[in-house]
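>>> the sequence and its predicted three-dimensional model are supplied below.
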Amino acid sequence: MFRLWAKIFAENRLVKDVVICNEENDTRTRKILNALDNACYEFDLGKPVWLDANIRDFKRHSKVRFSQDNFIEKIDFDFLEIQVIEE
């Protein structure tokens, strides 16, 4: 079972969170991208852009933060954080 925890923070406080579960037989990358798509749908957000720094952080820690720089539209929170909690 693959689980990804997506959290929205505003003013250093957790505002919203969701855990996305995926039991499909896909690659890890595809599971992460599908879970991120599902989390953005739950939060009614556009999809963030993965920058090189985001990819590097995610490979290292299985956790990454997306700030205003990663979104095309204006966001009303500080950052979106995703973290793999089970593989």
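Ah, there it is. Residues are numbered from 1 along each chain as shown.
>>> going forward, measure contacts between C-alpha atoms and count neighbours the same way
Will do.
>>> ok, which stretches of the chain are strands?
Ranges of strands in the chain, per DSSP state E, are 2-10, 13-22, 63-66, 79-86.
>>> switch these over to CSV; also include mean pLDDT.
Output for these, formatted as CSV (pLDDT from 0 to 100):
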stretch, mean pLDDT
strand 2-10, 95
strand 13-22, 94
strand 63-66, 94
strand 79-86, 93
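>>> so residue 15 touches residue 9, yeah?
Yes. Under the criterion of Cα atoms under 8 Å, residue 15 makes contact with residue 9 at 5.5 Å.
>>> dump the strands of the chain into JSON lines; add distance to residue 50 as well.
Listed next are those as JSON lines, based on distance: least, Cα to Cα, whole Å:
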{"stretch": "strand 2-10", "distance to residue 50": "15"}
{"stretch": "strand 13-22", "distance to residue 50": "19"}
{"stretch": "strand 63-66", "distance to residue 50": "8"}
{"stretch": "strand 79-86", "distance to residue 50": "12"}
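>>> I'd like these laid out as JSON lines, including mean neighbour count and distance to residue 57.
JSON lines is the format used below for the strands of the chain (neighbours: other Cα atoms under 10 Å; distance: least, Cα to Cα, whole Å):
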{"stretch": "strand 2-10", "mean neighbour count": "19", "distance to residue 57": "16"}
{"stretch": "strand 13-22", "mean neighbour count": "15", "distance to residue 57": "20"}
{"stretch": "strand 63-66", "mean neighbour count": "19", "distance to residue 57": "6"}
{"stretch": "strand 79-86", "mean neighbour count": "18", "distance to residue 57": "11"}
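>>> please name the nearest non-neighbouring residue to residue 6.
Nearest residue to residue 6, sequence neighbours excluded (Cα to Cα, 6 or more residues apart in numbering): residue 82, at 4.4 Å.
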